[in-house]
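Trainee: coords below, sequence missing:
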């Protein structure tokens, strides 16, 4: 007598939990995590990034002086040195610098996500297209990419900001427009090497459409280098936006953007040293975190690069 | 070899033309109106129209591109509204200062980076290796402009050892211009005091600028040295009793140097971008400061000029690095 329950017989498949169906992916992730965890500098990076992300989410509720982020003025408290009441001191209008730094984390996160996001959305499809199609399409895409890579991103971004007008929104637009070429080159070379793999030929012989080959065979295999680059670029984008803020082309005061804060704070050196010092440390630790995390991810995904 | 160089030169010209199209698109297609920018903020509408016509801005885009490219080929990079000079004149005045800064900074990065990378590879996982690793991960993460300010704070404002900014102190007069590089010109004129003054003004900005390059050079050189030191020819050299200094500094470094050289070429271009930040901190009168001040004043043509100049420099640097690469590596030398 058949003891199997009718619904199982219907699907033709025994009830597998989500966990069982994804057992191999879970094992893979466990292995990745195991490798990552043993890398001390990668863990430092992860901790820095997690602190940054948590702060950017909760900062509006934990800052000691919420009004100071929106341009409050307390002249009686101006330029106070670090103390128990103001851990990082106050600025020229009496705003608490710690408050402004914490509020600035959210802006920095937005900057990083938008710039890196736009760069991958533009760069990855172009890279796959160039690598997969070859011929003239590839020639044109890659030569345009070369031209963009021939000028430092910051210089081109300054030119675009100058054309669009000064401000944080235009700075983000400009940096997004110049950030994609790196992804094209990365994905193109990866696609080229994947194109010759046996499983891609097999898929084609089995009658898979080009779109299917691209989405289920090429793209998934490009993901790990993209992830590594994106992790590092999150930090680099924050650094670039802060640089534009510092030279006066990005965020304008009183926006609590780290680079813009340093740009004002430099006028108060050396007596009021805390004003320019702490925002710089914030940028440094954030960028360092994303870089170390990217390094750690590369070591996990690409064992050959380990220890480099 | 000659054929290869010819090909690369042709490619360089194509790339420069591509860059011209990019700057053209930025300056002519962006929403801002170049005619009203050139006319100035208070210009009457008739004047804006006249300028629009004079610059050919009322013509179709391809015609405008032709006019633009023809102008550049004749050395006409436009006018700076802010300085009142032609952009070409301004660039030739400010570029030597930037070139001097970037070159000295790159020399510092190379002179420190190669031995540091080499030593960390030899003493892998020692405290020295870890210290060098901290320098190399921090070097790319630290904001260059902030590092510059901190160096000013420590060495100029607090200790008073080095000047705060500028290219020369107010007591010095610039040496007779031959190369327009103060270090070289002052030596040519035998003015040691001017040389010392110029050098002391160079140190802080050059150090602030060198960190990302230093970091990358240490990193690449270390990795390549580790790879090279694991090769059979090193074991063989050691077995033959060749001294360990010679094995490392000659046999292994020779092979590790080529990838490092490629990184140096790449970083040179990034330095030209970074100089914009450092010049702004140290009031260094180069094209970076010129670009920043022009951008803030919405003075458009100078920024395009700086972009083209930096792009051209970067392309030429990469070409030189590639040629050096071929010349140094016998395998590619024969293939070319």
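Mentor: Structure's in. What do you need? None of these values were measured; they are calculated from a predicted model.
Trainee: dump the residue contacts of residue 186.
Mentor: By default, I'm working from chain A. A:123, A:127, A:225-226, A:229 (Cβ atoms under 8 Å, 6 or more residues apart in numbering or on different chains). From N, CA and C alone the C-beta is placed, and that goes for glycine too.
Trainee: that answer is for a different chain, and I need it for chain B
Mentor: B:175, B:192, B:194-195, B:198.
Trainee: Quick check: it vs residue B:80, distance?
Mentor: Distance from residue B:186 to residue B:80, counting by Cβ to Cβ, to the nearest Å: 29 Å.
Trainee: Among the contacts of residue A:186, which ones lie close to chain B?
Mentor: When Cβ under 8 Å from any Cβ of the partner chain is applied, no member of the contacts of residue A:186 is adjacent to chain B.
Trainee: Looking at those, which are in strands?
Mentor: Assigned to strands by DSSP state E, none of the contacts of residue A:186 qualify.
Trainee: Now tabulate these in TSV and tack on neighbour count and distance to residue A:51.
Mentor: Compiled in TSV, the contacts of residue A:186 are given as follows (neighbours: other Cβ atoms under 10 Å in any protein chain shown; distance: Cβ to Cβ, whole Å):
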residue	neighbour count	distance to residue A:51
A:123	23	29
A:127	29	33
A:225	18	26
A:226	19	25
A:229	22	23
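Trainee: and the stretch 201-336 of chain B, which of its residues are near chain A?
Mentor: Residues of the stretch 201-336 of chain B lying near chain A (Cβ under 8 Å from any Cβ): B:219, B:222-223, B:226, B:269-270, B:272-274, B:276-277, B:280-281, B:291-292, B:294-296, B:298, B:300, B:303-304, B:306-307, B:310-311, B:314-315, B:318.
Trainee: what about burial for those, which qualify?
Mentor: B:219, B:222-223, B:226, B:269-270, B:272-274, B:276-277, B:280-281, B:291-292, B:294-295, B:298, B:300, B:303-304, B:306-307, B:310-311, B:314-315, B:318 (16 or more other Cβ atoms under 10 Å in any protein chain shown).
Trainee: Backbone dihedrals for the residue of the stretch 151-300 of chain A found nearest chain B, please?
Mentor: Closest contact between the stretch 151-300 of chain A and chain B, by Cβ to the nearest Cβ, is at residue A:152 (2.8 Å). Here is the backbone geometry of residue A:152 (degrees, to the nearest 10): phi -50, psi 140.
Trainee: now residue A:90
Mentor: Main-chain torsions, residue A:90, degrees, to the nearest 10: phi -130, psi 160.
Trainee: for residue B:79, same thing?
Mentor: Given degrees, to the nearest 10, the pair of backbone angles that residue B:79 has is phi -110, psi 150.
Trainee: swap in residue A:96?
Mentor: Torsion angles, degrees, to the nearest 10, at residue A:96: phi -70, psi 120.
Trainee: so it touches residue A:69, yeah?
Mentor: No: contact between residue A:96 and residue A:69 fails when scored by Cβ atoms under 8 Å: they sit 9.1 Å apart.
Trainee: Looking at those two, which has the bigger crowd around it?
Mentor: residue A:96 (26 against 22; other Cβ atoms under 10 Å in any protein chain shown).
Trainee: Remind me which helix or strand the closest residue to residue A:153 other than its chain neighbours belongs to.
Mentor: Computed as Cβ to Cβ, 6 or more residues apart in numbering or on different chains, the closest residue to residue A:153 that is not its neighbour in sequence is residue A:178, at 4.6 Å. For residue A:178, the element it lies in under DSSP states H and E is helix A:168-179.
Trainee: so how far is that helix off the chain centroid?
Mentor: Offset of helix A:168-179 from its chain centre (Cα atoms, centre = their mean, to the nearest Å): 14 Å.
Trainee: which helices and strands sit right next to that helix?
Mentor: When contacts are defined as 3 or more Cβ pairs under 8 Å, 6 or more residues apart in numbering or on different chains; DSSP states H and E, helix A:168-179 sits against helix A:97-133, helix A:153-164, helix A:219-246.
Trainee: ranking those helices by burial, who's on top?
Mentor: helix A:153-164 (a mean of 25; mean count of other Cβ atoms under 10 Å in any protein chain shown).
Trainee: any idea of the angle that one forms with helix A:97-133?
Mentor: If you take axes from the mean of the first three to the mean of the last three Cα atoms, to 10 degrees, helix A:153-164 sits at 100 degrees to helix A:97-133.
Trainee: circling back: next up, the contacts around the residue of the stretch 151-300 of chain A closest to chain B.
Mentor: B:269-270, B:272-274, B:310, B:314.
Trainee: Could you work out the most separated pair of those residues?
Mentor: Taking Cβ to Cβ as the measure, these span a maximum distance of 12.4 Å, between B:274 and B:314.
Trainee: Smallest distance to chain A belongs to which residue of chain B?
Mentor: residue B:273 (2.8 Å).
Trainee: okay but that residue is in contact with residue A:155, surely?
Mentor: Yes: Residue B:273 is in contact with residue A:155 according to Cβ under 8 Å; the separation is 5.0 Å.
Trainee: which neighbours do these two share?
Mentor: Contacts common to residue B:273 and residue A:155, judged by Cβ under 8 Å, 6+ apart, are residue B:310.
Trainee: quick one on the thing from earlier: could the helices and strands packed on helix A:168-179 go into CSV alongside mean pLDDT?
Mentor: As requested, the helices and strands packed on helix A:168-179 are exported to CSV (pLDDT from 0 to 100):
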stretch, mean pLDDT
helix A:97-133, 92
helix A:153-164, 90
helix A:219-246, 92
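Trainee: How much space separates residue A:36 from chain B?
Mentor: For residue A:36, the distance to chain B (Cβ to the nearest Cβ, to the nearest Å) stands at 16 Å.
Trainee: So that residue belongs to a strand, correct?
Mentor: No: with DSSP: H, G, I helix; E, B strand; the rest coil as the criterion, residue A:36 is helix rather than part of a strand.
Trainee: Give me the neighbour count for the spatially closest residue to it that is not a sequence neighbour.
Mentor: Distance criterion Cβ to Cβ, 6+ apart; nearest residue to residue A:36, sequence neighbours excluded, is residue A:300 at 5.1 Å. Other residues near residue A:300 come to 22 when the count uses other Cβ under 10 Å.
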